[in-house]
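1. quick one, fold the following:
(one chain, ligands or ions: 1)
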Amino acid sequence: MIQLKKITYENFYDVIHLKVSPSQKGFVAPNLFSLAEAYVTSSNDLCIPIPFAVYNKKTLVGFVMLSYEKNENIYTIWRFMIDKKHQNKGYGKALLKETVSYIKTFPMGPASAIKLSYEPENIVAKSLYASFGFIETGEVDGNEIVAKLDL
Ligand SMILES: CC(C)(COP(=O)(O)OP(=O)(O)OC[C@H]1O[C@@H](n2cnc3c(N)ncnc32)[C@H](O)[C@@H]1OP(=O)(O)O)[C@@H](O)C(=O)NCCC(=O)NCCS
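-> Okay, here's the model as predicted:
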């Protein structure tokens with residue numbers, strides 16, 4: 001159902017035009033910002049950004065950006081979004097399944113866990129992650145609640 005594809009010059013414009021609904025804007029950075037952050041972070045050897053365009057067959061439906069944190073021996077799900085037009089059709093769940101499977105191939109190196117964070121009021125994301133076994137660690141990242149899935 002869901003495929004992760006590299007971001008190239010061909011799909012870049014479409015990826016940066018993916019949008020969440022106005023009420024979700026505080027939950028995820030714009031994709032343009034995330035890709036700029038990926039560019040800047042790639043000069044830092046300790047954190048490897050791994051951004052993907054998310055497709056259902058030929059239709060672009062979302063964006064996900066992972067990172068591999070060498071020092072901490074973890075992957076993070078750094079950004080995770082489904083375009084507002086495509087939400088509530090099961091893509092978020094399918095994307096999380098695909099993302100966790102991909103991380104379990106340890107593409108950038110070994111790791112003991114996946115970490116992510118979400119705004120306390122982001123109930124949809126919180127329940128989605130919890131349904132895959134992510135457990136809140138008690139840490140916070142700014143305002144965001146940190147959760148972890150041991151691998
Ligand atoms: C979180 C997000 C990725 C979920 O994507 P999605 O494609 O809508 O998710 P799905 O259709 O697979 O639904 C997953 C679950 O959430 C529920 N859900 C989805 N949208 C919902 C809504 N607006 N209100 C209540 N429940 C909702 C679904 O019913 C489903 O629950 P179920 O497993 O009990 O059936 C999407 O809402 C999004 O992009 N939000 C904005 C960005 C964001 O918050 N990202 C996460 C940052 S940490």
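2. and the closest residue to the ligand within the chain, how many neighbours?
-> Nearest residue of the chain to the ligand: residue 92, at 2.3 Å (C-beta to the nearest ligand atom). Where you see a C-beta, it was placed from the backbone N, CA and C, and this is true even at glycine. Neighbour count for residue 92, taken as other C-beta atoms under 10 Å: 21.
3. quick one: contacts for it?
-> Applying C-beta atoms under 8 Å, 6 or more residues apart in numbering, one finds that residue 92 lies in contact with 62, 80, 82, 124, 128.
4. which element is the closest residue to the fourth one other than its chain neighbours on?
-> Of all residues not flanking residue 124 in the chain, residue 92 sits nearest, at 7.8 Å (C-beta to C-beta, 6 or more residues apart in numbering). Applying DSSP states H and E as the criterion places residue 92 in helix 91-103.
5. near the ligand, which residues of the chain show up?
-> For the chain, the residues found near the ligand under the criterion C-beta under 6 Å from any ligand atom are 20, 24, 27-28, 80-82, 87-93, 118, 122, 124-125, 128, 131.
6. can we see that at 8 Å?
-> Residues of the chain found near the ligand (C-beta under 8 Å from any ligand atom) are 20-21, 24, 27-28, 61-62, 77, 79-84, 86-96, 116-119, 122-125, 127-129, 131, 144.
7. give me the PyMOL select line for those, limited to the buried ones.
-> Burial among those is assessed by 16 or more other C-beta atoms under 10 Å; the matching PyMOL selection reads:
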select buried, resi 20+24+27+28+61+62+77+79+80+81+82+83+86+87+91+92+94+95+96+116+117+118+119+122+125+128+129
